[in-house]
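Student: Got a sequence here, can you model it:
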Amino acid sequence: MEHFSTARLTARDWTMADDQSAFAIYGREEVTRWLGAPPAAPAASLAEMRQRLARIIERNASDPGFGLWPIELRDSGLVVGAVLLVPLAGAAGADRQDFEIGWHLNPDNWGRGYATEAGRGAIDLSFGERGLSEVLAVVYPANAASLAVCRRLGMIHRGQTSRYYGVTLELFSVSAEPGRPGTG
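Tutor: Numbering: from 1, shown residues only. Purely as a prediction, here's the structure:
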């Protein structure tokens with residue numbers, strides 16, 4: 001299922017045939033060091049990635065409309081990364097009212113604007129079809145590239161927080177605005 005398309009990208013559901021593409025993203029420490037708390041370890045093998053991918057597919061199916069999806073180039077079908085729109089997990093006080101967007105790019109595709117384009121697509125989806133009023137992004141303070149993506153997306157820096165994932169992260173938000181597609 002396609003979740004959204006942009007000028008160059010399509011966000012769709014994962015399939016097990018995406019195992020190599022997923023491994024090219026999540027098998028690399030330069031990606032996984034920014035994910036989770038503590039940071040996730042890279043997938044050590046294609047077999048491990050297949051297990052992780054099966055769990056992602058299952059989790060996405062359990063909450064239709066939200067999840068972690070591959071982003072592929074519209075003209076070639078090459079998976080260049082992933083984008084997420086999920087309820088934000090966290091410590092006490094976090095609830096289903098908090099939704100996170102994020103991006104995980106294959107390092108071979110860094111610096112081409114795909115993260116910003118995918119993030120913009122996720123924001124538009126959030127405020128359009130999903131009917132959300134605000135989405136958040138949480139970023140490790142040293143992740144300069146993702147901090148820059150948040151700023152390019154027009155997200156407002158709200159300071160540091162340890163509310164989510166049990167670690168100190170930079171918190172960004174963007175709210176639905178009148179006149180934005182899907183917000184009235």
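
Student: quick one: stretch 18-37 to chain centroid distance?
Tutor: With CA atoms, centre = their mean, to the nearest Å as the basis, stretch 18-37 stands 12 Å off its chain's centre.

Student: Tell me which residues are up against it.
Tutor: By CB atoms under 8 Å, 6 or more residues apart in numbering, the residues outside stretch 18-37 that reach it are 14, 39-44, 46, 49-50, 52-53, 70, 78-79, 81-82, 104-108, 139-140, 143, 146, 165-167. Where you see a C-beta, it was placed from the backbone N, CA and C, and this is true even at glycine.

Student: Filter these down to the ones in strands?
Tutor: Secondary structure assignment by DSSP state E places 70, 79, 81-82, 104-105, 139 of these in strands.

Student: hmm, which two among the residues you listed are most spread apart?
Tutor: Val79 and Val139 (22.6 Å; CB to CB).

Student: by contact count, what packs against whichever helix in the chain runs longest?
Tutor: For the chain, the helix with the greatest residue count under DSSP state H is helix 46-62. Applying 3 or more CB pairs under 8 Å, 6 or more residues apart in numbering; DSSP states H and E, we find helix 46-62 packed against helix 19-26, strand 67-73.

Student: Export it to PDB, keeping only CA atoms.
Tutor: What follows is helix 46-62, C-alpha atoms only, in PDB (Å, rounded to 0.1, in the frame of the first residue of the first chain):
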ATOM      1  CA  LEU A  46      20.800 -10.500   6.300                       C
ATOM      2  CA  ALA A  47      19.000 -13.300   8.400                       C
ATOM      3  CA  GLU A  48      18.800 -11.000  11.400                       C
ATOM      4  CA  MET A  49      17.500  -8.200   9.100                       C
ATOM      5  CA  ARG A  50      14.800 -10.500   7.800                       C
ATOM      6  CA  GLN A  51      13.700 -11.200  11.400                       C
ATOM      7  CA  ARG A  52      13.600  -7.500  12.200                       C
ATOM      8  CA  LEU A  53      11.700  -6.800   8.900                       C
ATOM      9  CA  ALA A  54       9.100  -9.400   9.800                       C
ATOM     10  CA  ARG A  55       8.500  -7.600  13.100                       C
ATOM     11  CA  ILE A  56       8.200  -4.200  11.400                       C
ATOM     12  CA  ILE A  57       5.700  -5.600   8.900                       C
ATOM     13  CA  GLU A  58       3.700  -7.100  11.700                       C
ATOM     14  CA  ARG A  59       3.800  -3.900  13.800                       C
ATOM     15  CA  ASN A  60       2.700  -1.800  10.800                       C
ATOM     16  CA  ALA A  61      -0.200  -4.100  10.100                       C
ATOM     17  CA  SER A  62      -1.400  -3.800  13.700                       C
END
